[in-house]
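Q: What follows is a predicted structure for the sequence shown.
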Amino acid sequence: MTLKELECSWIDGFPKPMIIAGPCSAESEQQMMETAERIKKNNMGVSVFRAGIWKPRTKPGSFEGVGAIGLEWLKKVKTEFGFKTATEVANSYHTSAALDADVDVLWIGARSTVNPFTVQEIAEALEGTDKIVLVKNPVNPDLSLWVGAFERLLAQGIKKLGAIHRGFSTYRKTEYRNIPNWQIALDFKNQYPNIPMFVDPSHICGNRTGLYRVAQEALNLNYEGIMIETHCLPDKAWSDASQQITPENLAEIISCLKVRNSNISGYEEDLERHRMLISDIDFQIIELLSERMKISEKIGSIKQKNNIAIFQPDRWKIITQYAQMKADETGMNKEFIEKIFKAVHEESVEVQNKIMTHKP
């Protein structure tokens, strides 16, 4: 069986969107029980209560989770409030302990997904399990690495699989803690539409203000679920306090979310007309880019003949200033326009490089 042949009908047993919510970290039995109680009291449609038992941290000395004792608190949450439970596993010990504690949903974190050896260790510890296993995207934007993690799990007979889109690390300063880079998640959905996709707005945003927007954007893209962090006292949380919200705030967000209809019946003609216009414009863009690269070839020839370096900082400065000016004039997103110009410039450099390195 391949990933494309996998039937992930397990998601049909949950409401859409399937919501997994709870604190970033289990800190105490009281914190876990109070958070769960307030989630239950607000009747917000949360199906699974999550809590980090072991926390992989960037630097040593940070709070790295309470350890196995937290699994007992998860059991108590399940017994008293009826939630299914979820936690992250990062090695075979975590996995075995979580399975022994009858945790219903296990997820592999972004720092683990990036390491095939770690994923293989976890997959072997999970061999043949009937539990739901979710895989977060790797910290770096590498689709094949993400897919590879699923292939390792499937090879061990694990069939109740799902993906979590939690954003990607970047060196650039942005409004996000981890940039969404939606296209990578959409590429995954296009290749494997049978595998449910969750969004993790808490880790994408890294703050409380953007949570609703990111969650709704994911539902607009037909994601099946949401994993979000909520804490009874978020300002006093031991980890990632800035991105956690109270159960009451969570209830407000959930009440505003709208699940989109994927059925386009009745709108085909309207959509097709606009899609045809887009296709025509796309063709024109490709033609213009082709013409632009031909000019870059001529520029490359001039630079080769006169022994001129390809990269000219003053020219690049003019291009970026022009891009920002045109973005302002057209009301378009500056970051989007800058990305386009950077991509075109990089290709132009590549075209000129081929000419400059060609042996006569």
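A: Yep, it's here.

Q: buried residues in stretch 229-242?
A: E229, T230, H231, C232, P234, A237, W238, S239, D240 (16 or more other CB atoms under 10 Å). Every residue, glycine included, has its C-beta placed from N, CA and C.

Q: Kindly apply the preceding question to stretch 139-148 instead.
A: V139, P141, L145, W146, V147, G148.

Q: Pick out whichever of those sits closest to E224.
A: Nearest to E224 among the buried residues of stretch 139-148 is W146, at 16.6 Å by CB to CB.

Q: confidence score at the closest one?
A: We have a pLDDT of 98 for W146.

Q: just to revisit the earlier point, which of the buried residues of stretch 139-148 sit farthest apart?
A: V139 and V147 (15.7 Å).

Q: For the nearest residue to L154 once chain neighbours are set aside, grab the count of nearby residues.
A: Of all residues beyond its chain neighbours, the one nearest L154 is L3 (6.1 Å), with distances taken as CB to CB, 6 or more residues apart in numbering. L3 has 16 neighbouring residues, counting by other CB atoms under 10 Å.

Q: isn't L3 right up against A163?
A: No: counting by CB atoms under 8 Å, L3 does not reach A163; the two are 10.6 Å apart.

Q: Residues that sit against both of the two, list them.
A: F150, Y192, I195 (CB atoms under 8 Å, 6 or more residues apart in numbering).

Q: Out of the residues you listed, who's the most crowded?
A: That'd be F150 among the shared contacts of L3 and A163, by other CB under 10 Å, with 24 neighbours.

Q: Surely it and K136 touch.
A: No: taking contacts as CB under 8 Å, F150 lies outside contact range of K136: 11.6 Å.

Q: Which residue ranges of the stretch 51-200 of the chain form helices?
A: 69-81, 92-100, 110-113, 116-125, 143-155, 182-191 (DSSP state H, counting those that start in this stretch).

Q: OK, contacts around the closest residue in space to K41 that isn't next to it in sequence?
A: Leaving out its chain neighbours, the residue that sits closest to K41 by CB to CB, 6+ apart is P247, at 7.7 Å. Residues near P247 by CB under 8 Å, 6+ apart: A21, T35, R38, I39, K41, N42, M44, T230, C232.

Q: do that again at 10 Å, thanks
A: Contacts for P247 were tallied using CB atoms under 10 Å, 6 or more residues apart in numbering; they are 21-22, 34-42, 44, 46, 230-232, 234.

Q: Show the buried residues in these.
A: 21-22, 35-36, 38-40, 42, 44, 46, 230-232, 234.

Q: What about those, which are in strands?
A: Per DSSP state E, strands hold the following members of the buried ones among the contacts of P247: A21, G22, V46.

Q: Out of these, flag the one nearest to D12.
A: Distances from D12 to these, taken by CB to CB, are shortest for V46, at 17.8 Å.

Q: Settle this for me: the closest one is touching I254, isn't it.
A: Yes: between V46 and I254 a contact is recorded at 8.0 Å, counting by CB atoms under 10 Å.

Q: Name all residues that sit in contact with these two at the same time.
A: Joint contacts of V46 and I254 (CB under 10 Å, 6+ apart) are I19, A21, I226, I228.

Q: Which of those residues lies at the shortest distance from D130?
A: Out of these, the member with the shortest distance to D130 (by CB to CB) is I19, at 21.8 Å.
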